[in-house]
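Novice: Quick one, what's the 3D model for this:
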Amino acid sequence: MPLIAAGTVVLERGVCRPGWVETSGTQIVGCGSGAAPHSADVDLPDAVVVPGFVDIHVHGGGGASYTDGNVSDILRAARFHREHGTTTTLASLVTAPVGDLLAAVHALVESTRAGTVAGIHLEGPWLSPAHCGAHDHTQLRDPAPAEIHALLAAGNGAIRMVTLAPERVGSGDAIARFVDAGVIVALGHTDATYEQTRHAIDLGATVGTHLFNAMRPLHHREPGPALALLEDARVTVELIADGVHVHPAVVHAVIEAAGADRVALVTDATAAAGLGDGEFRLGALQIDVVEQVARVRGTSTIAGSIATMDRLFRVAAGLGPDRDAALAAAVQMTSTTPARALGLDRIGSLRVGAEADLVVLERDLQVSAVMAHGSWLTDR
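Specialist: Numbering: from 1, shown residues only. Okay, the predicted model is just below:
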């Protein structure tokens, strides 16, 4: 039963300086503040230990994509993000013909069973052409019962979340069908009105996909979806806090308005994450990364990100004058809140009985080690 002692440990109940965590197999069996109860197996007096990050919206990374349904690429992308502290990944698929979606879902079901990813996020194809972003507009369509049935059958429980535009014909029935199947419904890529969004929330939608991005903008006479999502306590809102998608002042304002317990930081990362500038692909679309910003080729449309969760954690931990409060909020938004949004009870915080997923950070909050399911990613 290895015992890890550190200068700072962020437990479920707060920031401890110092603190300790003890694991056995894949589980946390002890944790606390102050000196460790016995000699530590791993002593990290200058480090910060936090729960493993939970990314509920990511398309790939390290040159590999989840969208193609290639098992080796799935492994490669998941490992890339795990090296950056993401111990739980929801593999996001983009809009595609139903045959391509079914093939990708089948591959990701096997990867879900193997524990490589925690499940599947269908971002489309039931999105608005007015706010399709980096989705193939020729493949956007209304949610049809037959297609939903085929995808749920193929997913066999692995589909955890779907993003749809609630103004599309049939969306109400689709929301009810997904909720009945235990699938989280997120609202995004939408031109919905404030009233349409509120109705979708009443039907059971509980997540706002990358708030503000790819949705009707906020207006004082027609507030649109953003305000409806932001003001409803039943909704968790995603934010891509990479300095590109949302202005830092807006990130801060959203956290102040909703609270860290309703904000899930997400990367929306593509295969380009970790590789810098170059030419890439997202589904059927060609993507160019120039000066660290990904865009659909030949347009100004932002196409996902090249971010990693540790980078977003550092952004969040730097918000506000109270160091411990900012650190606790960063843990909430990168681990606890996204885990709760997906209904994953055993991850997202360091507490007795939780999964032994943790990240060791240096003083500058750079990742130095990652433990997933009780095993170090690399030998310490």
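Novice: okay, CA-based contacts and neighbour counts for the rest of this
Specialist: Noted.
Novice: how much space between residue 79 and residue 266?
Specialist: Distance from residue 79 to residue 266, counting by CA to CA, to the nearest Å: 17 Å.
Novice: ok, the two, which is more surrounded?
Specialist: residue 266 (28 against 19; other CA atoms under 10 Å).
Novice: Same question for stretch 211-223: list its buried residues.
Specialist: 211-217, 223 (16 or more other CA atoms under 10 Å).
Novice: Domain ranges for this protein, per the record?
Specialist: As given by automatic domain parsing, the domain ranges for the chain are 1-51+348-380, 53-314.
Novice: can you give me the offset of the first one from its chain's centre?
Specialist: By that I understand domain 1-51+348-380. 22 Å (CA atoms, centre = their mean, to the nearest Å).
Novice: Quick one: residues contacting the closest residue to residue 271 other than its chain neighbours.
Specialist: Setting aside the residues directly before and after it, residue 271 is nearest to residue 61 in space (CA to CA, 6 or more residues apart in numbering), at 3.9 Å. Residue 61 is in contact with 76-78, 80-81, 269-274, 306, counting by CA atoms under 8 Å, 6 or more residues apart in numbering.
Novice: Try it again at 10 Å.
Specialist: Residue 61 is in contact with 73-74, 76-81, 268-275, 305-308, counting by CA atoms under 10 Å, 6 or more residues apart in numbering.
Novice: Out of those, which end up buried?
Specialist: The buried subset of these - by 16+ other CA under 10 Å - is 73-74, 76-81, 268-274, 305-308.
Novice: now the helices for the protein?
Specialist: 71-83, 98-113, 145-155, 171-180, 194-203, 224-231, 248-258, 309-317, 323-331, 337-341 (DSSP state H).
Novice: Of all the ones you listed, which one is nearest residue 35?
Specialist: Checking the helices of the chain against residue 35 by CA to CA gives helix 323-331 as the closest, at 18.9 Å.
Novice: what comes into contact with that closest one?
Specialist: Applying CA under 10 Å, 6+ apart, the external contacts of helix 323-331 come out as 8, 10-17, 48, 50-54, 255, 259-261, 263-265, 312-320, 332, 335-337, 348-349.
Novice: who's in contact with residue 256?
Specialist: Residues in contact with residue 256 (CA under 10 Å, 6+ apart) are residue 250.
Novice: Low-confidence regions, the chain specifically.
Specialist: Within the chain, the stretches with pLDDT under 70 are 379-380.
Novice: who's residue 375 bridged to?
Specialist: Note on residue 375: beta-bridge partners by DSSP bridges are residue 372.
Novice: oh sorry, the question was meant for residue 33
Specialist: Note on residue 33: beta-bridge partners by DSSP bridges are residue 19.
Novice: got a markdown table for the buried residues of stretch 211-223, with distance to residue 96 too?
Specialist: Below are the buried residues of stretch 211-223 laid out as a markdown table (distance: CA to CA, whole Å):
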| residue | distance to residue 96 |
| --- | --- |
| 211 | 23 |
| 212 | 23 |
| 213 | 20 |
| 214 | 18 |
| 215 | 20 |
| 216 | 23 |
| 217 | 26 |
| 223 | 30 |
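Novice: List just the nearest of those to residue 39.
Specialist: The nearest member of those to residue 39, counting by CA to CA, is residue 211 at 46.0 Å.
Novice: Distance-wise, check that closest one relative to residue 155.
Specialist: Relative to residue 155, residue 211 is positioned 27 Å away (CA to CA).
Novice: Which of the contacts of helix 323-331 fall in strands?
Specialist: Among the contacts of helix 323-331, the ones falling in strands (DSSP state E) are 8, 10-11, 14-16, 48, 50-51, 53-54, 263-265.
Novice: for the residues you listed, which one is nearest residue 89?
Specialist: Set against residue 89, the nearest of those by CA to CA is residue 54 (6.1 Å).
Novice: gap between the closest one and residue 44?
Specialist: According to CA to CA, residue 54 stands 23 Å off from residue 44.
Novice: More neighbours: which of these two?
Specialist: More crowded of residue 54 and residue 44, by other CA under 10 Å: residue 54, with 30 against 19.
Novice: Surely the more buried one is in contact with residue 347?
Specialist: Yes. Residue 54 is in contact with residue 347 according to CA atoms under 10 Å; the separation is 8.4 Å.
Novice: what's the overlap in contacts for the two?
Specialist: Residues touching both residue 54 and residue 347 by CA under 10 Å, 6+ apart: 87-88, 335-336, 338-340.
Novice: Neighbour count and distance to residue 166 added to those, as TSV?
Specialist: Output for these, formatted as TSV (neighbours: other CA atoms under 10 Å; distance: CA to CA, whole Å):
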residue	neighbour count	distance to residue 166
87	30	31
88	27	28
335	29	28
336	28	27
338	30	22
339	23	24
340	18	23
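Novice: for those, which one is nearest residue 360?
Specialist: Nearest to residue 360 among those: residue 87, at 12.3 Å, using CA to CA.
Novice: Skipping adjacent residues, who's closest to the closest one in space?
Specialist: Residue nearest to residue 87 in three dimensions, not counting chain neighbours: residue 52, with 5.2 Å by CA to CA, 6+ apart.
Novice: Within its local environment, how many residues does that neighbour see?
Specialist: The tally of other residues near residue 52 (other CA under 10 Å) stands at 32.
Novice: what about it, distance to residue 346?
Specialist: Per CA to CA, residue 52 is found 12 Å from residue 346.
Novice: Dump the ones in strands among the contacts of helix 323-331 into TSV; add distance to residue 103 as well.
Specialist: Below are the ones in strands among the contacts of helix 323-331 laid out as TSV (distance: CA to CA, whole Å):
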residue	distance to residue 103
8	45
10	40
11	40
14	43
15	44
16	46
48	41
50	36
51	33
53	28
54	25
263	32
264	29
265	29
